[in-house]
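K.L.:
coords please:
(4 chains)
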There are 2 protein chains.
Amino acid sequence: MTDPTPEGLISVRQGVLPLLEHLTRVGKRAYLNDMDPGGLRLRHLIALRLLAERGPQGQQGLAEALSLDPSNVVGLLNELEERDLVVRRRDPADRRRHIVELSPAGAREVAVADERAVDVEDRLFVALTAEERATLFDLLRRAVGTTLPACEFPAED
Amino acid sequence: MTDPTPEGLISVRQGVLPLLEHLTRVGKRAYLNDMDPGGLRLRHLIALRLLAERGPQGQQGLAEALSLDPSNVVGLLNELEERDLVVRRRDPADRRRHIVELSPAGAREVAVADERAVDVEDRLFVALTAEERATLFDLLRRAVGTTLPACEFPAED
DNA sequence: TATTGTTATACTCTATAACTATA
DNA sequence: TATAGTTATAGAGTATAACAATA
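P.N.:
Here you go, the predicted model:
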């Protein structure tokens, strides 16, 4: 064949998205099954962690960082606020804005939920060594970084 | 600190799932926006590719490979069959089974949809070199391999 | 009695447009 | 007029149970 691209790379280019989709779905399901019924779902944990890492945020910035539509962030925050894991307060400087802040209970919940996420990931990535998981994390983090204006996520290295 | 685990690895262990979820969601959205309205969604492409790579399958095996509930596979196949991309026929040996097979039109559609997926992935992974994408692909493929009894997916190397 | 595929249903997730209150 | 947040709604994705046909 006179194919200019090495065979291996062609299949690589075509197949990452299906694998991502698969792994995410299986991981979310495992996380859901692990948690107590009615507990926080993955999206809640992600939002709480974002607040923990970046501090108080307007909902607009939160939506952008999560790559969610602002209208969808509303319901997510409602659920977190009902459980007193998060506090919304008006920005005195611009009374249109809501500043969202993690509550002490929210911070505790992040720790609990993180524990569960660790268990799930340990099972999800049994095939990989610690170094490989670190590599995977790094690659994903860099890829995510370009999909958003400003998201370095859990970049606490 | 007497922590037995290096600091770097701790944050790694906690954070892969959120990154996967984020990247998958963004990728699916990009794929959806790219395609002509009413076209095949990502899950259709994944199912067609599976059939292309593994050949005719019972729906049960298909469900397992896709990590979908068999009841959800029904609707997916209905949509593919309506477009004549796939053919269901009774297994003469066991008349309970439906053998699902890719049609010639289905095979052509895989190629078209793959093209679009390539574009999406090129944008999704601009931050990564070809080698890094190959590494990512390999790591994901190995991780997926353990989440399923038998899924080596696009392992055409 | 167990298995394959199917139907029905409820709930979550996502995208979109219209609305309000502030600026 | 534009922006931050909200509401409402429709469609896609997922989990579950019950069912028919066949083994």
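K.L.:
doesn't A:Ala52 belong to a strand?
P.N.:
No: note on A:Ala52: no strand contains this position according to DSSP: H, G, I helix; E, B strand; the rest coil, which reports helix.
K.L.:
and the helix or strand harbouring A:Leu76, does that touch chain B?
P.N.:
Per DSSP states H and E: A:Leu76 is located in helix A:70-82. No: taking Cβ under 8 Å from any Cβ of the partner chain as the criterion, helix A:70-82 and chain B are apart, separated by no less than 11.3 Å. From N, CA and C alone the C-beta is placed, and that goes for glycine too.
K.L.:
how about stretch A:34-53?
P.N.:
Yes: using Cβ under 8 Å from any Cβ, stretch A:34-53 reaches chain B at A:42-43, A:45-46, A:49.
K.L.:
next one: stretch A:120-134
P.N.:
Yes: remark: stretch A:120-134 sits within contact range of chain B at A:120-122, A:124-128, A:130, A:132-134, by Cβ under 8 Å from any Cβ.
K.L.:
beyond the helix holding A:Leu76, next helix or strand please.
P.N.:
Counting by DSSP H and E, the next helix or strand C-terminal to helix A:70-82 is strand A:86-91.
K.L.:
a markdown table for the residues of stretch A:34-53 next to chain B, including neighbour count and secondary structure?
P.N.:
As requested, these are exported to a markdown table (neighbours: other Cβ atoms under 10 Å in any protein chain shown; DSSP: H, G, I helix; E, B strand; the rest coil):
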| residue | neighbour count | secondary structure |
| --- | --- | --- |
| A:Leu42 | 20 | helix |
| A:Arg43 | 18 | helix |
| A:Leu45 | 23 | helix |
| A:Ile46 | 24 | helix |
| A:Arg49 | 20 | helix |
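K.L.:
okay if I get those residues as JSON lines plus distance to DNA strand D and pLDDT?
P.N.:
Shown next, in JSON lines, are these (distance: Cβ to the nearest atom of the strand, whole Å; pLDDT from 0 to 100):
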{"residue": "A:Leu42", "distance to DNA strand D": "12", "pLDDT": "95"}
{"residue": "A:Arg43", "distance to DNA strand D": "13", "pLDDT": "96"}
{"residue": "A:Leu45", "distance to DNA strand D": "17", "pLDDT": "95"}
{"residue": "A:Ile46", "distance to DNA strand D": "17", "pLDDT": "96"}
{"residue": "A:Arg49", "distance to DNA strand D": "19", "pLDDT": "95"}
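K.L.:
need the longest helix for chain A.
P.N.:
Ranked by residue count under DSSP state H, the longest helix found in chain A is helix A:7-34.
K.L.:
what mean pLDDT would you report for the helix holding A:Leu76?
P.N.:
For helix A:70-82, mean pLDDT is 97.
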